[in-house]
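K.L.:
please find the sequence and the predicted model below.
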Amino acid sequence: MKLHPYRTDNCPAFILLSLDFGHKLQNSAYSSAQNELILIYYYFRLHMHSSKKEIVLSKQAIQDRVSELGLDITRDYQNKELVVIGVLKGAFIFMADLTRAIDLPVSTDFIQVSSYGGSSSSGKITLVSSPSQSIEDRHVLLVEDIIDTGLTMQWLAQHFSDQGAASVKICSLIDKSERREHEVKIDYSGFSISEGFLIGYGLDYDERYRNLSAIYHLTL
Ligand code: IMP
Ligand code: MG
């Protein structure tokens, strides 16, 4: 296997040292082993770091806005039995911060759905897991990370109405309007962002990046 010079760009020192040593032992097993090492390194570099992320919402901006949403919700649900239902998986971090910003005796639960062909109006929603408590005659606040086409949220709002909730309201950290196909009334919206694919603070790309504290625009 022939090594190309550009492959040594930014290569960690230990690999370069091993490369140098390997050249002195041409055709040896050692030389071929370090070639493999270099290939593995570049494979990971390509797949782990080739995408570009630009910050869109800082940790502080998110925290400030979540506090404001918590105050609004606290004001609006005085003397009402509130069940806050997070939409898995994306809402899990927002849900954790938001519920702690609500100064009321709330119940918390989760729901998970999956969508097939969800980027078009023909998309189908399937229930993966339901809340463990009855929501009949209770005030449901759905918590979502991002509303894109609106398909998921429109389905969920209808689902909880059908289950006999006293009211159903929607809180979404991000309202991404670019691809909206299904009308959704967002009662509590954190931020309006017109376009792009976002990651961090619960939002994923292929199950990665959910643990970032800020929100970024990802370009692949
Ligand atoms: P909708 O049904 O098209 O509104 O899609 C909502 C779901 O798609 C969200 O709950 C996310 O899981 C996912 N989604 C939409 N846009 C993004 C994004 O920019 N980043 C990460 N996930 C997204
Ligand atoms: Mg989601």
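P.N.:
The structure has been received and is ready for your questions. Numbers count the residues shown, from 1 in each chain. Ligands and ions are numbered 1, 2, ... in the order given.
K.L.:
please make it C-alpha for all contacts and neighbour counts, starting now.
P.N.:
Will do.
K.L.:
so Q34 lies in a strand, does it not?
P.N.:
No. Per DSSP: H, G, I helix; E, B strand; the rest coil, Q34 lies outside any strand segment and is helix.
K.L.:
for it, grab the count of nearby residues.
P.N.:
20 (other Cα atoms under 10 Å).
K.L.:
please apply the same query to S129.
P.N.:
12.
K.L.:
same thing with Y205?
P.N.:
Y205: 12 neighbours (other Cα under 10 Å).
K.L.:
avg pLDDT for stretch 111-128?
P.N.:
Stretch 111-128 shows a mean pLDDT of 78.
K.L.:
please list the residues of this structure that sit near ligand 1.
P.N.:
90, 118-119, 145-152, 197-199, 203-204 (Cα under 6 Å from any ligand atom).
K.L.:
out of those, which one has the weakest pLDDT?
P.N.:
G118 (41).
K.L.:
contacting residues around L98?
P.N.:
Under the criterion of Cα atoms under 8 Å, 6 or more residues apart in numbering, the contact list for L98 reads 66-67, 69-70.
K.L.:
buried among these? Need that as a selection in PyMOL.
P.N.:
In PyMOL syntax, the buried subset of those is picked out as below (16 or more other Cα atoms under 10 Å):
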select buried, resi 66+67+69+70
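K.L.:
can you tell me which of the contacts of L98 are in helices?
P.N.:
66-67, 69-70 (DSSP state H).
K.L.:
just the closest of those residues to ligand 1, please.
P.N.:
The nearest member of those to ligand 1, counting by Cα to the nearest ligand atom, is V66 at 17.6 Å.
K.L.:
spatially nearest residue to that closest one, not counting backbone neighbours?
P.N.:
Leaving aside its chain neighbours, V66 sits nearest to L98 (5.9 Å; criterion: Cα to Cα, 6 or more residues apart in numbering).
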